[in-house]
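# okay, here's the prediction I keep looking at, along with the sequence it came from:
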Amino acid sequence: MNRWDQKRRVMRRYDTTAPSYDELYGEEQEAKYQKALKHVNVAADSWILDVGCGTGLLFSHVAPKAQILVGVEISHGLLVRAKEKAERLSNVHLVQADADHLPFQNGLFSAVFAFTVLQNMPKPKETLGELKRVTKSDGNLVVTGLKKAFSLDDFMDMLADAGLAVVSFVDDEVLKCYVAVAAQR
């Protein structure tokens, strides 16, 4: 299966689950956010990127602290749900885009969050490179890796191969994902 076929399949799956996404995955996502946000400083002048923003569950945690929050999602169905949450937050902007081809200049964002993204990408190491590209040199990149998709060693190697240094790491038995906060090396 080529890259675009894989992405279209993922897009269709999330378009289908969009109406029930929060019920299906909300609790798990919230647990990941809580773990990650303990290790990330969101300053008042921060520009934050939420790649694979889903229905916008992260928005309420980050938008009140940041200057700008941009949510990127490839699934139209999820983006419609995210728009409902974004309308209540004046500093949240939404973009439908592919995580491998982000429409932003280099080094624009203070922090980039990518929860539940890498396992859906055909070439996750390349996706990390794109996420790194849009992160400021002194910024943080927060990513998760589904344990069923990545062994711990493979996940850590992928981060290192992408030129990222792990600042903090969570491998909680309760979570289905590893949670890494990384910086550029």
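Here it is on my side, so go on. Just so it is clear, the model here is predicted, and its values are computed rather than measured.

# next one: stretch 169-181 to chain centre, how far?
Centroid separation for stretch 169-181 versus its chain: 14 Å, with Cα atoms, centre = their mean, to the nearest Å.

# list the buried residues of that stretch.
169-170, 175-181 (16 or more other Cβ atoms under 10 Å). (Each C-beta comes from the backbone N, C-alpha and C, glycine too.)

# swap in stretch 145-159?
Buried, per 16+ other Cβ under 10 Å, within stretch 145-159: 145-146, 150, 155-156, 158-159.

# again, but for stretch 74-92
74-75, 77-79, 81-82, 85-86, 89, 91-92.

# between which two of those residues is the distance greatest?
Farthest apart among the buried residues of stretch 74-92 by Cβ to Cβ are Gly77 and Asn91. That separation is 23.9 Å.

# spatially central residue in this structure, please.
Nearest residue to the geometric centre of the chain (Cα atoms, centre = their mean): Ala114, 1.5 Å.

# need the contact list for it.
Listed by Cβ atoms under 8 Å, 6 or more residues apart in numbering, the contact set of Ala114 reads 51-52, 99, 127, 131, 141-144.

# tell me where the longest helix sits in this structure.
If you go by DSSP state H, the chain has its longest helix at helix 21-37.

# who are the packing partners of it?
If contacts are counted by 3 or more Cβ pairs under 8 Å, 6 or more residues apart in numbering; DSSP states H and E, helix 21-37 sits against helix 59-62, helix 76-86, strand 177-184.

# make it 10 Å
Judged by 3 or more Cβ pairs under 10 Å, 6 or more residues apart in numbering; DSSP states H and E, helix 21-37 is in contact with helix 3-17, helix 59-62, helix 76-86, strand 109-114, strand 135-146, strand 164-170, strand 177-184.

# nearest to Leu69, out of those?
Leu69 sits nearest to helix 59-62 of all the helices and strands packed on helix 21-37, at 5.6 Å, using Cβ to Cβ.

# return the distance of the closest one from the chain's centre.
Helix 59-62 has its C-alpha centroid displaced from the chain centroid by 13 Å (Cα atoms, centre = their mean).

# could you number the chain from 22 rather than 1 from now on?
Sure, I'll start numbering at 22, so the last one becomes helix 80-83.

# buried sites along that helix?
80, 82-83.

# which of these lies closest to Ser158?
For the buried residues of helix 80-83, the nearest to Ser158 is Val83 (20.7 Å; Cβ to Cβ).
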